[in-house]
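[1] Provided below for reference: sequence and predicted model.
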Amino acid sequence: MRGGTGVSAAATRRPSAGSPEFRPIVSLRGVGTALAARFARLGVNTVQDLLFLLPLRYEDRTRIIPIGSLRIGDRAVVEGEILLAEVAFRGRRQLLCRLGDGTGALTLRFFHFSLAQQQGFQRGTRWRCWGEVRRGPAGPEIVHPEYRVADVGPHGMGASAEGLTPIYPLTEGIQQGRLRQLTLLALQESSASTLPDWLPAGLLESLGLQLPSLSDALRYVHRPPLDADTERLAAWRHPAQRRLAFEELLAHQLSLRLLRREIQRDPGWPLAPARPSLIERLRRSLPFVPTDAQLRAWSDIETDLARPNPMLRLVQGDVGCGKTLVAAFAAARAVEAGFQAVIMAPTELLAEQHARNFTTWFAPLELPPTLLTGTRSTAARTRARADLASGATKLAVGTHALFQHDVEFHRLGLVIIDEQHRFGVHQRLLLREKGLASGRYPHQLIMTATPIPRTLAMTAYADLDVSVIDELPPGRTPVRTVVLQENRRDEVVVRIRDACRQQRQAYWVCPLVEESEQLNAQAAEQTAAVLAEALQELNVGLVHGRMPPREKDAVMSRFKAGEIDLLVATTVIEVGVDVPNASLMVIENAERMGLAQLHQLRGRVGRGSAESTCVLLYRAPLSDIARERLAVMRATNDGFEISRRDLELRGPGELLGTRQTGLMQMRVADLMRDADLLPMVQQAAERMLAQGEEAVAPLLRRWTGQGERFGKV
């Protein structure tokens with residue numbers, strides 16, 4: 001350990017084997033193996049896990065409502081005397097109890113009950129019950145209420161010194177009351193000494209954060225007093241909640257920084273330029289001049305590639321900014337240095353588009369790329385794998401098929417991954433490990449057309465350096481966006497006819513391939529037939545993800561060559577398709593799509609010098625969030641602004657694709673809500689790593705398990 005009294009202090013708080021961190025949940029009184037198995041479905045295996053299973057919301061159950069004043073739909077506490085209790089057989093066995101308080105009566109209905117419960121509801125006993133009031137056959141009723149014996153203490157009937165009642169996330173077989181009892185028991189058995197606070201002493205204060213200790217924060221969120229600020233609790237802005245959110249964000253930041261540190265310690269291949277340089281030959285053969293932003297990004301990458309440690313760089317930029325050309329420069333550097341380069345894309349259509357671009361760009365260099373996808377013929381895949389293993393293939397483009405177990409590389413120097421948000425950290429590392437040769441690892445270049453705010457990028461991609469391409473190629477005109485209700489489709493058809501008469505081309509995007517009774521959306525196949533009938537003078541094509549690659553390739557080639565006037569497609573054209581002559585995009589059922597997807601689709605037009613239009617067709621009525629999405633699309637073409645609004649509307653988990661990858665599946669923190677904490681989180685991570693890592697491991701264990709989701713493969 002290197003200096004720093006804070007970490008030294010933390011190191012003295014080592015948990016014992018009996019601490020909540022290590023104690024299994026079965027060590028709590030009343031938890032057997034069956035209940036422990038149910039808790040495991042919630043991710044609760046230890047007492048510490050239980051303490052960090054936080055309430056979703058809170059309810060004030062201290063105010064008793066007279067039964068006579070209840071309304072259907074109320075969630076309320078009632079208290080009264082059992083007037084009648086019986087087991088009835090009305091379709092199924094059920095326990096019916098009539099509860100009265102002098103102002104009225106209601107029924108308590110139980111479908112699952114024990115003999116002990118039945119005997120407890122004796123006539124004349126008093127009970128306090130909580131639940132949602134429903135309309136029943138005999139008047140108001142509560143089905144499966146929470147209940148307990150009424151308080152008849154010295155404060156009078158119904159008085160209570162309780163605080164707010166926490167409502168927890170549940171799984172089948174665990175009731176709220178049981179969970180509250182066990183949480184209270186865990187709190188009573190835990191203390192500051194048995195549940196260490198792994199943040200260095202004085203860290204929060206030095207960052208200007210007035211937040212409670214870990215122990216105080218946990219007690220507050222599990223049992224807030226009656227006078228608690230319920231609005232702040234509901235918004236997750238209470239200092240106790242913020243304290244836990246800060247610690248969770250810090251744990252995730254540290255996990256990614258440690259991953260980055262570990263990878264950067266690994267030996268890599270320094271890729272030196274050859275003379276004459278392939279990159280210079282490539283630039284001279286291009287029919288256009290790279291933008292300054294592209295050249296800045298390439299300069300960052302070139303510096304990284306020359307180092308003897310693996311590059312880990314993310315290039316983010318708006319749709320059409322030219323990230324693929326920068327990737328081509330990097331691939332050329334790897335090949336001229338005597339190594340292989342691979343480009344991995346999330347969809348076959350995008351992989352095929354990259355293969356076409358690279359074939360065109362590298363033709364003057366006599367460097368044809370090899371395409372490897374899951375749906376290519378067995379013979380083609382076998383030949384591609386053999387060429388990769390022998391080194392005959394210097395440049396490969398593909399999908400997930402590139403990191404299958406039977407794919408081997410001869411000398412892999414560079415891995416390029418497009419649309420990073422479609423892949424996870426784990427998948428990137430799998431491909432990295434496949435490139436391990438002679439104890440050295442390949443460089444990694446990650447690209448995304450889902451630009452995100454810098455602070456969020458520094459948090460979500462803390463294991464990567466970031467370059468931004470913030471400039472579009474010259475000659476691009478902003479796309480005009482029009483929002484129309486679907487009953488104006490005939491007007492849109494006329495607009496397509498006019499555009500094609502001017503020798504332009506158009507897209508019509510549908511969300512489905514075939515009709516679906518479940519989804520009220522237009523199918524691409526039916527739409528193509530209808531449009532072909534309405535526009536008989538035009539050539540109408542169809543492309544979707546279920547088509548064989550060769551057939552799909554042929555349609556796209558004909559569209560790019562101008563032989564197809566109108567291309568009806570599913571969202572497979574979301575990324576990678578580049579047809580400069582296409583100036584009209586129609587998106588069916590736009591209300592069903594997210595902002596990022598709509599922006600990607602709109603980016604398929606406006607790639608030439610002609611004025612382009614995107615028509616968003618929607619089906620009424622619109623939800624509030626759909627109306628807001630469409631308004632954003634109409635208001636701006638700026639991908640960074642659209643990404644910011646998408647972050648607000650959907651949250652970072654969906655925006656970054658992390659719901660599929662496991663990254664940042666957070667229990668307390670929310671990257672959008674807690675964005676103001678991120679600069680302090682980054683400072684805290686730097687300090688803890690600079691002072692020593694003794695307190696880091698238990699902090700990661702608390703919030704990310706053993707860290708296997710973030711560790712090296």
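    Looks like it arrived, so ask away.
[2] quick one: pLDDT of Val407?
    pLDDT, Val407: 86.
[3] can you give me the strands for the stretch 201-350 of the chain?
    Using DSSP state E, counting those that start in this stretch, the strands of the stretch 201-350 of the chain run over 312-317, 340-344.
[4] got these as TSV, with mean neighbour count, distance to Glu686 and mean pLDDT columns?
    The C-beta positions use only the backbone N, C-alpha and C, and glycine is treated the same way. Converted to TSV, the strands of the stretch 201-350 of the chain look like this (neighbours: other CB atoms under 10 Å; distance: least, CB to CB, whole Å; pLDDT from 0 to 100):
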stretch	mean neighbour count	distance to Glu686	mean pLDDT
strand 312-317	24	18	88
strand 340-344	27	32	92
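[5] So for His222, which of these sits nearest?
    strand 312-317 (38.8 Å; CB to CB).
[6] other SSEs contacting that closest one?
    Contacts defined by 3 or more CB pairs under 8 Å, 6 or more residues apart in numbering; DSSP states H and E place strand 312-317 against helix 239-265, helix 292-305, helix 323-336, strand 443-448, strand 465-469.
[7] buried ones in the shortest one?
    I take that to be strand 465-469. Asp465, Val466, Ser467, Val468, Ile469 (16 or more other CB atoms under 10 Å).
[8] The last one reaches Val315, doesn't it?
    Read that as Ile469. Yes. The pair formed by Ile469 and Val315 meets the contact definition of CB atoms under 8 Å, at 6.4 Å.
[9] what is in contact with those two at once?
    Residues touching both Ile469 and Val315 (CB atoms under 8 Å, 6 or more residues apart in numbering): Ala297, Lys323, Val326.
[10] now the end-to-end length of stretch 331-348.
    Using CA to CA, to the nearest Å, the end-to-end distance of stretch 331-348 comes to 20 Å.
[11] hmm, back to that, and the strands of the stretch 201-350 of the chain: which comes nearest Ala499?
    strand 312-317 (28.1 Å).
[12] Taking their axis directions, that closest one and helix 292-305 sit at what angle?
    170 degrees (axes from the mean of the first three to the mean of the last three CA atoms, to 10 degrees).
[13] can you list contacts of strand 312-317?
    Contacts of strand 312-317 (CB under 8 Å, 6+ apart): 260, 263-264, 293, 297, 300-301, 304, 323, 326-327, 420, 444-452, 457, 461, 463-470, 639.
[14] for stretch 612-620, same thing?
    So stretch 612-620 is contacted by 477, 479-486, 488-489, 492, 495, 520, 582-591, 598, 601-602, 605-606, 626, 630, 633-634 (CB under 8 Å, 6+ apart).
[15] can you check stretch 373-381 too?
    By CB under 8 Å, 6+ apart, stretch 373-381 touches Glu348, Ala351, Glu352, Leu372, Ala384, Gly398, Thr399, His400, Ala401, Pro548, Pro549.
[16] immediately after the helix or strand that contains the third one, which helix or strand?
    Taking DSSP states H and E as the criterion, Glu352 maps to helix 348-362. Of the helices and strands lying after helix 348-362 in sequence (DSSP H and E), the nearest is strand 370-372.
[17] and after that next one, which helix or strand comes next?
    helix 378-390.
[18] Just the C-alpha atoms of the helix or strand following that following helix, please, in PDB.
    From helix 378-390 onward toward the C-terminus, using DSSP H and E, the following helix or strand is strand 395-398. Included here for strand 395-398 are C-alpha records, laid out as PDB according to Å, rounded to 0.1, in the frame of the first residue of the first chain:
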ATOM      1  CA  LEU A 395      -8.300  -8.300 -43.200                       C
ATOM      2  CA  ALA A 396     -11.500  -9.900 -42.100                       C
ATOM      3  CA  VAL A 397     -15.000  -8.400 -41.600                       C
ATOM      4  CA  GLY A 398     -17.700 -10.300 -39.700                       C
END
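[19] helices or strands up against strand 395-398?
    Strand 395-398 sits against strand 340-344, helix 348-362, strand 370-372, with contacts defined as 3+ CB pairs under 8 Å, 6+ apart.
[20] Contacts only, for Leu42.
    So Leu42 contacts Leu53, Pro169, Leu170, Thr171, Ile174 (CB under 8 Å, 6+ apart).
[21] Can you turn the buried part of those residues into a PyMOL selection?
    Buried residues among the contacts of Leu42 (16+ other CB under 10 Å), as a PyMOL selection:
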select buried, resi 53+174
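[22] With that, I have no additional questions.
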